[in-house]
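J.: Whatever this is, show me its structure:
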Amino acid sequence: MAAPSFHDYRAQALAEGYDEVLERSWPPNLQIATHTHPFALKARVVRGEMWLTVGDTTRHLLPDDEFTLDHDIPHDERYGHEGASYWVARRN
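T.: Numbering: from 1, shown residues only. I've put the predicted structure just below:
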């Protein structure tokens, strides 16, 4: 089965009640210190790799991996030597 296109991902996310869907790209070796977002989100990694830490748990995410975060959840992010891109759906 072929991977979904951004168009398909966007349509599905909007149908699930997310109100904003976009692609985010991050440069190589970027580290983003602990922060929160004023929105809930779900995302799908489409290029590169990243590490997402929430509390004491760190996930290593590769293309086709997905993750979710509720609004105002403290987390930090680290991106691999090639950077990363992911599609993200936000529920504001």
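J.: excluding its backbone neighbours, what's nearest the residue nearest the centre of the chain?
T.: Taking Cα atoms, centre = their mean, the centroid of the chain lies closest to residue 43, which sits 3.6 Å from it. Leaving aside its sequence neighbours, residue 43 sits nearest to residue 88 (Cβ to Cβ, 6 or more residues apart in numbering; 4.2 Å). Heads up, the C-betas are built off the backbone N, CA and C, glycines and all.
J.: That neighbour and residue 42 touch, don't they?
T.: Yes - between residue 88 and residue 42 a contact is recorded at 7.4 Å, counting by Cβ atoms under 8 Å.
J.: What residues sit buried inside the longest strand along the chain?
T.: In the chain, taking DSSP state E as the definition, the longest strand is strand 75-91. Residues of strand 75-91 classed as buried: 75, 77-80, 83-90 (neighbour count, 16 or more other Cβ atoms under 10 Å).
J.: Which two among those residues are spaced furthest apart?
T.: Farthest-apart pair in the buried residues of strand 75-91 is 80 and 90; separation 23.4 Å (Cβ to Cβ).
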